[in-house]
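give me a 3D structure for the following:
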Amino acid sequence: MKNVFSLILAAILFMNTGCVKKWLELEPKSEVSSDVLLSTPEGFSVALNGIYTNLSSDPLYGGELAFNLVDVLARVYETKNTLYDGLKNYDYVSLDMERKINGIWARAYSTIANCNGLLDEMNKKGDGFFKPEERARLEGELLSIRALLHFDLLRLFAPAPIVKDVAAIPYYTTLSNTPMPERLTSEILQLIIADLELSKKLQKPFDTHIEAKTYFHKDFRFAFKGPGQLYFGSSKRGFRMGFYATTALLARVALYAGNNRLALDNAMEVINDKMPGNEPVINFTPGTNIDVGEYNRLLSDDLLFALYRIDYEEEGFNNVTFLLPNTNQIFGADLNSDYRKKCYLTADGKQLLKYKTGQGDKREKDVTSLIPVIRLSELYHIAAETRYDTDPNGALDLLNTLRTKRGCTIPLSPFQNKAAFVDAIINDARREFMGEGKLFFMYKRLNKTILDETNGNQTLTDKFVLPVTER
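Next up, the predicted model:
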């Protein structure tokens, strides 16, 4: 990618002494040894930027874990004449699908290796090499990225906790050429939670002081003048796994682990965080802006963490035309009021417009290449679901608040039971996360049948776990 520092995509190779010997690519035809690169604190930031670049690659959140493979699995699209047609029958062993699935596994673990390599190198530096705040931010982000990747590997390649607790994937906390043993899902989740709780503690002092909150509150968290400036400075924390993204991810992980109290506490910590004037630090795109066309199709105001991929500008979105079935049924009585129908889809509701330029104004251009990873709306879903058991009215208020923020004018009435309430959350998620890779994981966590393009059900308990043939 032009003007963006990147690590070579393979795992960093270590010699027996443990020293980094892999060369790190800075520019095409330009190389620098890791010893030189990591001789300054700035070099660690450059290497970390390369890890973020890995996250936005096709096997991870720049493709398969966003709008491609996992959304096809969730029957978000009606696939015809694409490489993904076999996934309609959950064929994981065709040549193309096997290659894609193995690619997710390999790229995720190589990126985890990069995180651990940098953490190991940071620990070799003496006192005074980093400023305390600088070290805390770097370490926190690396821990959060490591947790994010392990969590999505777990969600893909192991059964959901609601089904069984089995050993399916290893968890790497140091860089090693010795394969680590597979751990139980429950053990993996506790390791992820520990990484995220430490990251929160490390990053909170920086990300919650008033200047940082002001930047995050405004559009500056995704502002940039050019690709080369994406990851430097406190004004672009939306591109980083900082405190807010880490807290939200902790809520997501805790929900998957069945720890409703931890999930609710972390979701509400972000939802309730305020500026000095009592305005939320993060809020949704105002309806007044949408009414006059002053919005971007991603509705990016509530994004807590996103990645940047310039390839969208150079190559266009997705290179595959996926059609969306049943949008009229999904939106139901809110078809003409829900902003997500207007902003995310073509007028006929058949095609996704989230990643395409529309109005052509400056803000639209700035966010076209954002890859959404974590939204505030997901925290409303988490908080609503986890509050229902003790406070069903409060849970309903949270879901109705989110729906109102998205333009829905008909409040939902109280539900007879939690199962019906969760179905309402799933319906809202089907509107919210088209093209963002969230629905498959929601169905899997709940062990729910997947609604297919004909509004039938796909029972997938035995197919929710993806195989990997090249470990």
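
any idea which element the residue nearest to Arg471 when sequence neighbours are not counted lies in?
Closest residue to Arg471 apart from its sequence neighbours, by C-beta to C-beta, 6 or more residues apart in numbering: Trp105 at 7.0 Å. Where you see a C-beta, it was placed from the backbone N, CA and C, and this is true even at glycine. Trp105 belongs to helix 95-124 when assigned by DSSP states H and E.

so who does Ile193 touch?
Leu250, Val253, Ala254, Ala257, Asn259, Leu262 (C-beta atoms under 8 Å, 6 or more residues apart in numbering).

an error on my part: the question was meant for Lys88.
By C-beta under 8 Å, 6+ apart, the contact set of Lys88 is Val72, Thr79.

if you average pLDDT over the helix holding Trp105, what comes out?
Averaging pLDDT along helix 95-124 yields 94.

buried ones in that helix?
By neighbour count on 16 or more other C-beta atoms under 10 Å, the buried set for helix 95-124 is 97-98, 100-122.

check stretch 130-140 too.
Within stretch 130-140, the residues scored as buried using 16+ other C-beta under 10 Å are Phe130, Arg135, Ala136, Arg137, Leu138, Glu139, Gly140.

return the subset of the residues you listed lying in helices.
The helices, defined by DSSP state H, take in Arg135, Ala136, Arg137, Leu138, Glu139, Gly140 from these.

want to throw those residues into a markdown table with distance to Asp85 and pLDDT?
Formatted as a markdown table, these follow (distance: C-beta to C-beta, whole Å; pLDDT from 0 to 100):
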| residue | distance to Asp85 | pLDDT |
| --- | --- | --- |
| Arg135 | 49 | 94 |
| Ala136 | 47 | 95 |
| Arg137 | 44 | 94 |
| Leu138 | 43 | 95 |
| Glu139 | 44 | 97 |
| Gly140 | 42 | 97 |
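
look at the nearest residue to Phe243 once chain neighbours are set aside and say how many residues are nearby.
Leaving aside its chain neighbours, Phe243 sits nearest to Asp207 (3.5 Å; criterion: C-beta to C-beta, 6+ apart). Here the number of neighbours of Asp207 (other C-beta atoms under 10 Å) works out to 24.

helices along the stretch 1-150 of the chain, start to end?
34-37, 41-55, 69-73, 95-124, 132-157 (DSSP state H, counting those that start in this stretch).

so for Lys342, which of those helices sits nearest?
Among those, helix 69-73 comes nearest to Lys342, with 20.5 Å by C-beta to C-beta.

show residues contacting that closest one.
Here helix 69-73 makes contact (C-beta under 8 Å, 6+ apart) with 63-64, 77, 79, 84, 87-88, 90, 97, 100-101, 104, 156, 322, 434-437, 439-441, 450.

and if you look at stretch 390-401?
The contact list for stretch 390-401, computed with C-beta under 8 Å, 6+ apart, reads 380-381, 383-385, 387-388, 411-412, 414-415, 418, 421, 424-425, 428.

in contact with Ile192, which residues are there?
Ala147, His150, Phe151, Leu154, Tyr171, Val253.

Serialize those residues to JSON lines and add fields for distance to Lys342, neighbour count and pLDDT.
What follows is the contacts of Ile192, written out as JSON lines (distance: C-beta to C-beta, whole Å; neighbours: other C-beta atoms under 10 Å; pLDDT from 0 to 100):
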{"residue": "Ala147", "distance to Lys342": "35", "neighbour count": "27", "pLDDT": "98"}
{"residue": "His150", "distance to Lys342": "37", "neighbour count": "24", "pLDDT": "98"}
{"residue": "Phe151", "distance to Lys342": "33", "neighbour count": "23", "pLDDT": "98"}
{"residue": "Leu154", "distance to Lys342": "36", "neighbour count": "22", "pLDDT": "98"}
{"residue": "Tyr171", "distance to Lys342": "43", "neighbour count": "21", "pLDDT": "97"}
{"residue": "Val253", "distance to Lys342": "33", "neighbour count": "26", "pLDDT": "98"}
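
which two in the residues you listed are spaced the farthest apart?
Maximum pairwise distance among the contacts of Ile192 (C-beta to C-beta): 13.0 Å, between Tyr171 and Val253.

not counting its neighbours along the chain, what's nearest the residue nearest the centre of the chain?
Using C-alpha atoms, centre = their mean, the residue of the chain that lies closest to the mean C-alpha position is Val373, 2.6 Å off. Nearest-residue entry for Val373: Phe305, 4.7 Å, with adjacent residues in sequence omitted and distances by C-beta to C-beta, 6+ apart.
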